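Give me a 3D structure for the following:
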Amino acid sequence: MRKIAIFGGSFDPVHSGHLSIAQTAASQFALDRVIWVPDRAPGHKPHPSGASFEQRRFMVELTIADRPDFLLAPILPNPSGTSFAIDTVFYLQKSYPGDRWYWIIGSDALQTLPKWHRCAEIGGLCHWLVAPRREGVGECENLPGAAAEKIHLQTDAVCRRVAEQMAALDVEIRWQVLSAPSIKISSSHIRRCCAQNRDLRYLVPQVVRTYIATHDLYQPPSAES
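As a prediction, this is how the structure comes out:
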């Protein structure tokens, strides 16, 4: 039985923090595969994207090209254009029958799980691997030990709270906090850096940095009279 993890997100754009989280999960849980699933448009929250679905997906493809254990999910049949996690899980389980499933997720996104479409069904289908997430993200920065431990404990508290909310729906979720450093970085910060023509070095992989520059992504709309 293989151990396969889903790593979903808008990836707008994919950045070094995403890679760190995926690598930590793969190492910590001896995962055989990490399947990256860029969202078309998350069904549970607004998604004002600066890049198209195709562009975001291609940036992920560039990022993981040298990792045979990292795979880009096939484009799911989805005429409505919306993304629901339950559809992703069912589709991938048919492609990889009999395997053990995990879901890599940030603690901020986990808090929305009780609001997900058909959350009672999806909650028990995967083992949730939760990455610590701190508020007020900005420049890329690793935290000292004491601060990192505090954030780990805060993440643990978030997981317990979500588990209680799901238990109220008669769903027991399995979860574990990743032993990943809380990296102070976000896609929204990267988009702001692009709009301000700031250097993206160390924030995104070089291939993504080149792609963003080549296609002039995340630039403010030109003022035309």
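
any low-confidence regions in this protein?
41-49, 78-83, 134-148, 181-183, 222-225 (pLDDT under 70).

just so I have it, where are all the strands in it?
Ranges of strands in the chain, per DSSP state E, are 3-9, 33-38, 70-72, 100-106, 127-131, 174-177.

tell me what the third one is packed against?
Helices and strands in packing contact with strand 70-72 are listed as strand 33-38, helix 53-63; criterion 3 or more CB pairs under 8 Å, 6 or more residues apart in numbering; DSSP states H and E. (Each C-beta comes from the backbone N, C-alpha and C, glycine too.)

Quick one, which of those gets closest to residue 154.
If you check each of those against residue 154 by CB to CB, strand 33-38 wins as the nearest, at 24.9 Å.

for the closest one, packing partners?
Strand 33-38 packs on strand 3-9, helix 16-28, helix 53-63, strand 70-72, going by 3+ CB pairs under 8 Å, 6+ apart.

just the ones you listed: most buried one?
strand 3-9 (a mean of 22; mean count of other CB atoms under 10 Å).

that older thread, could I get the helices and strands packed on strand 70-72 as JSON lines with distance to residue 186?
Formatted as JSON lines, these follow (distance: least, CB to CB, whole Å):
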{"stretch": "strand 33-38", "distance to residue 186": "16"}
{"stretch": "helix 53-63", "distance to residue 186": "15"}
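
now for the ones you listed, which one comes closest to residue 125?
Here strand 33-38 is closest among those (CB to CB), at 14.2 Å.

chain center to that closest one, what's the gap?
9 Å (CA atoms, centre = their mean, to the nearest Å).

And for stretch 9-28?
That offset, for stretch 9-28, works out to 7 Å (CA atoms, centre = their mean).

and residue 94, which of the helices and strands packed on strand 33-38 is closest to it?
Residue 94 sits nearest to strand 3-9 of all these, at 12.7 Å, using CB to CB.

The closest one pairs with which strands, parallel or anti?
Strand 3-9 sits in its sheet next to strand 33-38 (parallel), strand 100-106 (parallel), going by DSSP bridges.

so can I have TSV of the ones you listed showing mean neighbour count?
Shown next, in TSV, are the strands paired with strand 3-9 (neighbours: other CB atoms under 10 Å):
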stretch	mean neighbour count
strand 33-38	23
strand 100-106	22
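
okay, those in TSV with distance to residue 214 next?
Putting those into TSV (distance: least, CB to CB, whole Å) gives the following:
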stretch	distance to residue 214
strand 33-38	19
strand 100-106	29
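
looking at those strands, which is closest to residue 195?
strand 33-38 (21.4 Å).

and the angle for the closest one with helix 53-63?
Per axes from the mean of the first three to the mean of the last three CA atoms, to 10 degrees, the angle that strand 33-38 makes with helix 53-63 is 150 degrees.

Fine, thanks again, bye for now.
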